[in-house]
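>>> Next one to model:
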Amino acid sequence: MVRQSEIFPHFFFPLLAGLVVLISQAIAQQQPTPPPPTPDPTVTAPKDSKDDQASKRTEEAVGKSKLEKETGTVNDRIFAVLPNYGTVETAKALQPLSSGQKFRLATAGVFDWAAFPFNGVLAAISQAKNDPPVWGQGWDAYAKRYGESFADNSIGTYMTTAVFPSMLHEDPRYYQMGQGTFTHRFSYGMSRLFVTRTDSGSKRFNYSESIGNAAAAAISNVYHPADDRTAARNAKTLGFLILYDGLSNELKEFWPDIRRKVFHKTQP
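I've put the predicted structure just below:
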């Protein structure tokens with residue numbers, strides 16, 4: 001949950017423009033995959049032994065955490081740094097998540113190692129801008145801004161990934177489209193802000209995204225300075241949270257293309 005609305009125009013739009021260029025290059029380089037060879041019906045494939053089957057199961061599980069195997073997701077870090085929890089890259093139909101699994105997904109994102117320097121950078125930007133002014137400068141002020149940023153992000157993640165998806169029986173995972181034109185896939189990523197899957201597999205309005213972020217913005221008034229507890233600040237926070245989530249969706253959607261065509265890695 002990013003509160004620093006003043007840095008948004010200088011950060012979001014250049015990043016989005018760079019992402020669009022990188023994705024366009026990756027998609028333009030895509031080559032059609034040759035069809036697999038037709039098997040010879042006269043040749044009977046040998047059955048795998050128990051040892052071979054066990055070996056295959058072991059190979060399939062390599063690199064997959066317990067959480068990933070339980071939820072059908074893959075934390076394929078974007079640019080090898082940004083956490084990517086809750087992303088479904090290949091499967092199109094999965095078992096519904098339990099409330100416990102939703103909370104574990106949220107916890108993994110909140111306490112991922114990358115979250116700590118990320119919040120440190122946001123706190124440093126607020127410190128440089130002296131935002132909020134009532135806290136002033138110095139290490140004590142920086143610690144307050146760091147705590148504020150960490151709380152904002154953590155509460156937002158729990159609200160949109162665990163609390164409201166559990167209450168409303170919605171699936172917080174992001175299901176990649178993975179194919180189609182750039183425009184179609186880009187639109188799909190943004191549309192996931194408003195459309196989600198339910199635990200039963202149907203589709204409906206994404207209440208967890210809107211209500212969850214609104215609740216997180218309201219809760220932030222508890223620890224924000226009194227001068228910062230305004231309706232305008234809450235409205236800006238909600239709007240920017242949704243836009244940042246949209247950027248996150250686009251990164252999740254197109255990261256496999258970038259990984260394959262720019263970094264030449266075919267697997268997570």
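
>>> Stretch 211-229: end-to-end distance?
Start-to-end span of stretch 211-229 (C-alpha to C-alpha, to the nearest Å) is 19 Å.

>>> Kindly report the same for stretch 184-198.
Per C-alpha to C-alpha, stretch 184-198 runs 22 Å from first to last residue.

>>> ok, residues contacting it?
Residues outside stretch 184-198 that contact it (C-beta atoms under 8 Å, 6 or more residues apart in numbering) are 20, 23, 169-175, 177-180, 203-206, 208-209, 242, 245-246, 249-250, 252-254. (Glycine included, C-beta is placed from N, CA and C.)

>>> could you redo the last one with a cut-off of 7 Å?
Contacts with stretch 184-198, where a contact means C-beta atoms under 7 Å, 6 or more residues apart in numbering, come from 169-171, 174, 177, 203-206, 208-209, 242, 245-246, 249-250, 253.

>>> buried ones in that stretch?
Buried residues in stretch 184-198, counted by 16 or more other C-beta atoms under 10 Å: 185-186, 188-190, 192-193, 196-197.

>>> coming back round to it: what about burial for the contacts of stretch 184-198, which qualify?
Buried members of those, counted by 16+ other C-beta under 10 Å: 170-171, 174, 206, 208-209, 242, 245-246, 249-250, 253.

>>> how about those residues in TSV, adding secondary structure, pLDDT and distance to T160?
Shown next, in TSV, are these (DSSP: H, G, I helix; E, B strand; the rest coil; pLDDT from 0 to 100; distance: C-beta to C-beta, whole Å):
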residue	secondary structure	pLDDT	distance to T160
E170	strand	97	10
D171	strand	95	12
Y174	strand	94	12
N206	coil	96	9
S208	helix	96	5
E209	helix	94	6
I242	helix	85	10
D245	helix	89	7
G246	helix	91	13
N249	helix	93	12
E250	helix	94	17
E253	helix	93	18
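
>>> just the residues you listed now: which is nearest V74?
For those, the closest approach to V74 (C-beta to C-beta) belongs to Y174, at 11.0 Å.

>>> Would you convert the buried ones among the contacts of stretch 184-198 into JSON lines that also reports distance to A108?
Formatted as JSON lines, the buried ones among the contacts of stretch 184-198 follow (distance: C-beta to C-beta, whole Å):
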{"residue": "E170", "distance to A108": "18"}
{"residue": "D171", "distance to A108": "16"}
{"residue": "Y174", "distance to A108": "14"}
{"residue": "N206", "distance to A108": "21"}
{"residue": "S208", "distance to A108": "17"}
{"residue": "E209", "distance to A108": "19"}
{"residue": "I242", "distance to A108": "22"}
{"residue": "D245", "distance to A108": "17"}
{"residue": "G246", "distance to A108": "21"}
{"residue": "N249", "distance to A108": "18"}
{"residue": "E250", "distance to A108": "21"}
{"residue": "E253", "distance to A108": "20"}
